[in-house]
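In: okay, predicted coordinates and the sequence, questions at the end:
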Amino acid sequence: MSRGDRVGVTGGATGSAQARPHPGLLALGYLLFAAAGAMTATIEVLLVPSRLGQTLIPLAPALAVLSNVALPAISRGLTDTMVSAVPPVAGWLVTTFLLASATPEGDVLLPAGDTAITSYSLLGLGTLAGLATIWLANRPGAWTGRWLSSRLARSGSDNDGGR
């Protein structure tokens, strides 16, 4: 690897690390990720009473865990800001707990009875996964753009060295 190649790789990594999104674009991204969290919460709450024949399928808690890990991780990786993992989880939490509350007429979307385990699993596991992901995403070197770009740059330089 020549000196010019090293400068190009370092300059590219430094240039991408210094480039911050415009604050308006960042706010729009936060809003979109909060809306994505709200949409996944709505879908998951509606999937709580899913059945295959007479058998209850606990699809909603599994999707809650997946969405509350994936959305904050993607948000944190794209924006590389400390608070970027919060909007998807906040949107999910607000929507889920609003949909879990009863209407004045007594209607509920997260029923008790035979589906209570699925309802409570959705609330508990989804909240736990979201909060754990926020905590893990804000540790140094976790899910950041710099971490990802350094991994990609390192694997690219290893491949070039072998040629």
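Out: Perfect, I can see it now. The structure displayed is predicted, hence computed values, not measured ones.
In: which parts of stretch 39-47 are buried?
Out: Buried positions in stretch 39-47, judged by neighbour count with 16 or more other C-beta atoms under 10 Å: 40-42, 44-45, 47. Quick note: C-beta positions are derived from backbone N, CA and C, even for glycine.
In: secondary structure element holding the residue most central in space within the chain?
Out: Centroid-nearest residue in the chain: Leu71, 1.8 Å away (criterion: C-alpha atoms, centre = their mean). Here Leu71 sits within helix 59-79, counting by DSSP states H and E.
In: so which residues of this structure form helices?
Out: Counting by DSSP state H, the chain has these helices, from start to end: 3-18, 23-46, 59-79, 86-100, 116-137, 145-161.
In: need those helices in a markdown table (columns: distance to Asp107).
Out: Listed next are those as a markdown table, based on distance: least, C-beta to C-beta, whole Å:
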| stretch | distance to Asp107 |
| --- | --- |
| helix 3-18 | 50 |
| helix 23-46 | 13 |
| helix 59-79 | 18 |
| helix 86-100 | 11 |
| helix 116-137 | 14 |
| helix 145-161 | 44 |
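In: export the ones you listed as CSV, with columns for mean pLDDT and distance to Leu109.
Out: Listed next are the helices of the chain as CSV, based on pLDDT from 0 to 100; distance: least, C-beta to C-beta, whole Å:
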stretch, mean pLDDT, distance to Leu109
helix 3-18, 44, 43
helix 23-46, 94, 5
helix 59-79, 91, 11
helix 86-100, 95, 5
helix 116-137, 92, 9
helix 145-161, 55, 37
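In: how about the ones you listed, which one is nearest Leu52?
Out: helix 59-79 (9.8 Å; C-beta to C-beta).
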